[in-house]
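Colleague: This is a predicted model, with the sequence first.
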Amino acid sequence: MIETIINVILFAMLVTTAFAIVRTTRLFAVVMLSGVFSLLTAMLFVTLDAVDVAFTEAAVGAGISTVLMLGTIALTTRSTKAPTRSSTMPLVLVVLTGAVLFYGTLDMPNFGDPNAPAQVHLAPHYLTDSIEEIDVPNVVTSILASYRGFDTLGEVAVVFTAGIGVLLILSGLRRRREEEEEDEA
């Protein structure tokens with residue numbers, strides 16, 4: 001019961017943060033609220049016992065993405081421009097996409113259901129056969145490093161690409177400031 005209350009509170013905070021992001025016109029505030037949104041999402045993943053996903057969300061979403069967006073703001077403008085078109089079409093598209101996603105989850109098994117296909121077919125195979133197939137005694141490591149190797153490689157590639165992007169933005173910012181100082185002198 002307490003976990004449900006925590007999840008509802010975190011979800012309410014996520015929705016409130018999302019509305020604040022949409023309504024804010026100052027880009028610095030939007031970037032900071034996006035970082036808060038990522039941290040709240042990471043906390044929600046922790047309550048769902050997905051600590052690896054929570055760590056990735058905190059590192060990439062709140063950490064690297066925030067630095068990238070702050071670097072972008074330093075190189076561009078600090079506030080948004082007034083929209084020239086109506087925003088009803090994007091709203092309709094988002095509501096339609098949400099309805100399709102909601103419909104797609106109606107036949108999913110309940111969270112933690114011991115009779116779910118993942119618990120009946122995959123979990124026993126991983127627990128019993130991973131030591132013989134992979135020769136790694138830790139089941140979690142064998143799943144992340146071998147069975148989900150391409151997925152883990154993709155996550156590492158995203159983090160690496162984001163890091164390179166941060167370095168490029170910061171080097172461009174430094175170069176721009178040096179050119180401004182030379183122009184002033």
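Modeller: Nice, I can see it.

Colleague: For the rest of this, base every contact and every neighbour count on C-alpha atoms.
Modeller: Will do.

Colleague: Just the terminal-to-terminal distance for stretch 115-129.
Modeller: Terminal residues of stretch 115-129 are spaced 20 Å apart (Cα to Cα, to the nearest Å).

Colleague: If we go by neighbour counts, what in the longest helix along the chain is buried?
Modeller: Using DSSP state H to define each element, the chain has its longest helix at helix 149-184. Under the neighbour-count criterion of 16 or more other Cα atoms under 10 Å, helix 149-184 has 159, 162-163, 165-166, 169-170, 173 buried.

Colleague: With pLDDT as extra columns, can I get the residues you listed in TSV?
Modeller: Output for those, formatted as TSV (pLDDT from 0 to 100):
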residue	pLDDT
159	78
162	78
163	78
165	79
166	75
169	76
170	73
173	66
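
Colleague: Which stretches in the protein count as helices?
Modeller: With DSSP H as the criterion, the chain has helices at 2-23, 27-47, 51-56, 65-75, 88-104, 117, 123-134, 139-142, 149-184.

Colleague: Which among the ones you listed is found nearest to residue 81?
Modeller: Nearest to residue 81, of all these, is helix 27-47, at 10.4 Å by Cα to Cα.

Colleague: Which elements pack onto that closest one?
Modeller: helix 2-23, helix 51-56, helix 65-75 (3 or more Cα pairs under 8 Å, 6 or more residues apart in numbering; DSSP states H and E).

Colleague: what's the second one in contact with?
Modeller: Under the criterion Cα atoms under 8 Å, 6 or more residues apart in numbering, residues 41-46, 155 lie in contact with helix 51-56.

Colleague: Now with 7 Å, please.
Modeller: 42-43, 45-46 (Cα atoms under 7 Å, 6 or more residues apart in numbering).

Colleague: ditto for the last one
Modeller: By Cα under 7 Å, 6+ apart, the residues outside helix 65-75 that reach it are 31, 35, 166, 169-170, 173.

Colleague: how does it look with 10 Å?
Modeller: 27-28, 30-36, 38, 57-61, 64, 76, 78-79, 159, 162-163, 165-170, 172-173, 176 (Cα atoms under 10 Å, 6 or more residues apart in numbering).
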